[in-house]
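A.B. asks: okay, structure incoming, though there's no sequence with it:
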């Protein structure tokens, strides 16, 4: 359940960053790079908390962390591909 909540949070953060960034005047590319850096940092912090406080093994956190990081980034890539102007 925790993994689902974190992935949902990542998707909401992505949507907010793209929406607010567009309204402020940043390009989608700038917001995409910013999101990837921020989401990677948050995913690493979440994994560290899982290892230290929840007692999860590193191998489990690497697999779950890949999904937590990958789903919102895949949504970002899909968004970027679908909104590319030719």
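C.D. replies: Noted; the coordinates are in hand. Just so we're clear, the structure is a prediction, and the values are computed from it rather than from any experiment.
A.B. asks: where exactly do the helices run in the chain?
C.D. replies: Counting by DSSP state H, the chain has helices at residues 2-24, 28-52, 58-82.
A.B. asks: could you dump these to CSV with mean pLDDT and mean neighbour count?
C.D. replies: To be clear about C-beta, it is placed using only N, CA and C from the backbone, and glycine gets the same treatment. Formatted as CSV, the helices of the chain follow (pLDDT from 0 to 100; neighbours: other Cβ atoms under 10 Å):
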stretch, mean pLDDT, mean neighbour count
helix 2-24, 95, 14
helix 28-52, 95, 15
helix 58-82, 95, 15
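A.B. asks: doesn't residue 71 make contact with residue 43?
C.D. replies: No. Residue 43 lies out of contact with residue 71 (Cβ atoms under 8 Å); the separation is 10.6 Å.
A.B. asks: residue 69 and residue 41 touch, don't they?
C.D. replies: No. The criterion here is Cβ under 8 Å, and residue 69 misses it with residue 41 at 10.4 Å.
A.B. asks: pLDDT score for residue 54?
C.D. replies: Per-residue pLDDT puts residue 54 at 89.
A.B. asks: again with residue 84
C.D. replies: At residue 84, pLDDT is 80.
A.B. asks: any idea how far residue 64 is from residue 54?
C.D. replies: Using Cβ to Cβ, to the nearest Å, residue 64 is found at 11 Å from residue 54.
A.B. asks: kindly apply the preceding question to residue 10 instead.
C.D. replies: Taking Cβ to Cβ, one finds residue 10 at 19 Å from residue 54.
A.B. asks: next: residue 48.
C.D. replies: Distance of residue 48 to residue 54, given as Cβ to Cβ: 10 Å.
A.B. asks: hmm, residue 21 is touching residue 33, no?
C.D. replies: No. The criterion here is Cβ under 8 Å, and residue 21 misses it with residue 33 at 10.9 Å.
A.B. asks: since that was my last question, I'll sign off now.
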